[in-house]
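1. Here's my sequence, what's the structure:
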Amino acid sequence: MITELPSTYKAWAKAFSQRAQEFPLTPLPLIGGRIPEGLRGSLYRNGPARLERGGESVGHWFDGDGAILAVHFSDGGATGVYRYVQTAGYLAESQAGKYLYSNYGMTAPGLFWNQWFKPTKNAANTSVLALPDKLLALWEAGKPHAIDLETLETEGLDDLSGLSKGMSYSAHPKCDAQTGEIFNFGITPGINATLNIYKSDRTGKILQKASVTLDGLPLIHDFVMAGQYLVFFVPPVRVNLLPAAIGLSSFSDAMEWKPQLGTQILIFDRETLSLISRSETEPWYQWHFANGYMDGNSSVAIDFVRYRDFQTNQRLKEVVTGQIQTPAKATLWQVRLDPQTGKIQKTEELLDRDCEFPVVPQSQIGKPSRKTYLSLQRQGVDTTKEIYGAIARFDNQTGTLNEADLGENRYPTEPIYAPDAINPERGWLLTVVFDGNTNSSEVWIFDSQRLDEEPVCKLGLPSVVPMGFHGTWKPGIF
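-> Here you go, the predicted structure:
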């Protein structure tokens, strides 16, 4: 782990060169502006917070131990708490003072057959799902960890009354705001992997499951709910399972880009979870979808962030080193397809700016949504070496972009939309910002309709919270 950075390093590397420090439930100081009266609820964010142990760095950004930040907004102001998820692997390695387990980009230490005797560590570091009585820390290759909504105390693994041994729960569940239904999936590895699909009630309890066999062992990170359909894009990435299984290679290093396979499209009925269609199109890679919906003409429209290949994996691996050298531009695209055949009717690039982490308001998931919020590269920077320094709102109807450039050496996380509790026509955009100029982290709140104006509120955090992956907003009075 880098502790003293040469001047050639970009400022974002400071956030990863120091071990993230937990802090208890603490009143957050107001740095600027004021908290909107209609902003009441909790912001939760998850991400890798520890990338070094015993002098050894993790092999990939995805390997870092997960820590969750909660910011609670009430009439009395804002309070924050930041805690590592107390996974079994985290506790064992903390006691040992060194890494013990394999992970996405790591193999178990020692002789290669150690892989056979030690499970892969559940890092609980990717996303969160806020349920009525608990928070779930999500990591897609294992079961979720249940977390206390207020204190972030880890309560243990949760099978959601339906995850049997060997079943995992992805980091990107989709929630229907009207019905309360929650949909998600998990992959069971194998020479030909199994895609498991789950339907849960609003408490998270799994009510229905289905499965389908895949071709090889692909990497599927996200899916999309579009009206009555669940849609999966299976990119042409396959894990060479044997070296990964016996510990000769990490899963990341065993992944192969095979564009000749094309991108497979699987479409399921959300009521029965039955497979409706299976088709193939040109190769691309995607981590994340923005949204999907029926367009009124019996077609499905899907918005997502698209890469031309899988170089993004190498780029994300380099984050751990403090220096990124691999370019991997992603842009916002839309495809329209026939759900009965899976055939693509139209493909269009919506925004030719390097971007990621697209989100829509929770109330619009699976429905037509005019606004997409995302992270964006600043104009005029070296996009190969820099990470996202802006957030933006893209208007799907007009094709226009409303951008908040945070300025030099400031780095926002994925923007999270929070509806106003007083005025339903209004919303706020929340992001956790690492300021490399002051080596500090802050919570910035924007008017979602005026991102080109100053934030309406800035709150200070007691310690640096490194840039992570995903979060959520849970409305209500805390």
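
2. CA atoms for contacts and neighbours, from now on please.
-> Fine.

3. which residues in the chain form helices?
-> In the chain, the helices defined using DSSP state H lie at 88-96, 114-117, 241-245, 311-318.

4. What distance do you get for residue 257 to residue 356?
-> 21 Å (C-alpha to C-alpha, to the nearest Å).

5. who has more neighbours, the two?
-> residue 356 (26 against 17; other C-alpha atoms under 10 Å).

6. still on that earlier bit, mean pLDDT lowest where, among the helices of the chain?
-> Mean pLDDT per stretch puts helix 114-117 lowest among the helices of the chain, at a mean of 53.

7. quick revisit: please name whichever of the helices of the chain is nearest to residue 234.
-> Closest of the helices of the chain to residue 234 is helix 311-318, at 15.8 Å (criterion: C-alpha to C-alpha).

8. Would you mark the buried spots in the closest one?
-> Judged by neighbour count using 16 or more other C-alpha atoms under 10 Å, the buried positions of helix 311-318 are 312, 313, 314, 315, 316, 317, 318.

9. okay if I get those as JSON lines plus distance to residue 238?
-> Formatted as JSON lines, the buried residues of helix 311-318 follow (distance: C-alpha to C-alpha, whole Å):
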{"residue": "312", "distance to residue 238": "15"}
{"residue": "313", "distance to residue 238": "13"}
{"residue": "314", "distance to residue 238": "15"}
{"residue": "315", "distance to residue 238": "18"}
{"residue": "316", "distance to residue 238": "18"}
{"residue": "317", "distance to residue 238": "18"}
{"residue": "318", "distance to residue 238": "21"}
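
10. Mind picking the two most distant members of those residues?
-> Distances among those were taken as C-alpha to C-alpha; the most separated pair is 312 and 318, at 9.9 Å.

11. For stretch 356-364, measure first residue to last.
-> End-to-end distance for stretch 356-364: 19 Å, by C-alpha to C-alpha.

12. gap between that stretch and the chain center?
-> 12 Å (C-alpha atoms, centre = their mean, to the nearest Å).

13. Now do it, average pLDDT.
-> Averaging pLDDT along stretch 356-364 yields 97.

14. rewinding a little: right, and the helices of the chain - which one's nearest residue 35?
-> Comparing the helices of the chain by their distance to residue 35 (C-alpha to C-alpha), the top pick is helix 311-318, with 34.1 Å.

15. and residue 127, what does it touch?
-> 45, 46, 47, 137, 138, 139, 171, 172, 469, 470, 471 (C-alpha atoms under 8 Å, 6 or more residues apart in numbering).

16. please redo it, this time with the cut-off set to 10 Å
-> Residues near residue 127 by C-alpha atoms under 10 Å, 6 or more residues apart in numbering: 44-47, 66, 68, 136-140, 144, 170-173, 468-472.

17. out of those residues, which are buried?
-> 44-47, 66, 68, 136-140, 144, 170-173, 468-472.

18. can you pull the buried residues of stretch 17-24?
-> For stretch 17-24, by 16+ other C-alpha under 10 Å, it's 17, 18, 19, 20, 21, 22.

19. Of the buried ones among the contacts of residue 127, which belong to strands?
-> Applying DSSP state E to these, the entries found in strands are 44, 45, 46, 47, 66, 68, 136, 137, 138, 471, 472.

20. which two of the residues you listed lie the greatest distance from each other?
-> Largest separation among these by C-alpha to C-alpha: 66 and 472, giving 15.4 Å.

21. Now for residue 251: which residues touch it?
-> Shown in contact with residue 251 (C-alpha under 10 Å, 6+ apart): 102, 103, 104, 105, 106, 107, 239, 240, 241, 243, 244, 245.

22. Per-residue pLDDT of the fifth one, please?
-> Meaning residue 106. 94.

23. any low-confidence regions in this structure?
-> Low-confidence segments of the chain, defined by pLDDT under 70, are located at 1-4, 110-118, 477-478.

24. so can I have CSV of the helices of the chain showing distance to residue 26?
-> Putting these into CSV (distance: least, C-alpha to C-alpha, whole Å) gives the following:
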stretch, distance to residue 26
helix 88-96, 24
helix 114-117, 41
helix 241-245, 43
helix 311-318, 32
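
25. Now do the phi/psi pair for the nearest residue to residue 315 once chain neighbours are set aside.
-> Counting by C-alpha to C-alpha, 6 or more residues apart in numbering, residue 315 lies nearest to residue 326, which is 5.2 Å off, once chain neighbours are set aside. Backbone torsions of residue 326, given as degrees, to the nearest 10, read phi -100, psi 120.

26. pretty sure residue 277 is touching residue 212, no?
-> No. The pair residue 277 and residue 212 does not pass the contact test of C-alpha atoms under 10 Å, sitting 11.9 Å apart.

27. Those two: who's more crowded?
-> Taking other C-alpha under 10 Å, residue 277 and residue 212 do not tie; residue 277 has more neighbours (17 against 13).

28. Can you name the residues that contact that one?
-> Contact partners of residue 277, counting by C-alpha under 10 Å, 6+ apart, are 231, 265, 266, 267, 268, 269, 338, 339, 340, 341, 342, 343.

29. so who does the nearest residue to residue 364 once chain neighbours are set aside touch?
-> Closest residue to residue 364 apart from its sequence neighbours, by C-alpha to C-alpha, 6+ apart: residue 177 at 7.7 Å. By C-alpha under 10 Å, 6+ apart, residue 177 lies in contact with 202, 362, 363, 364, 365, 366.
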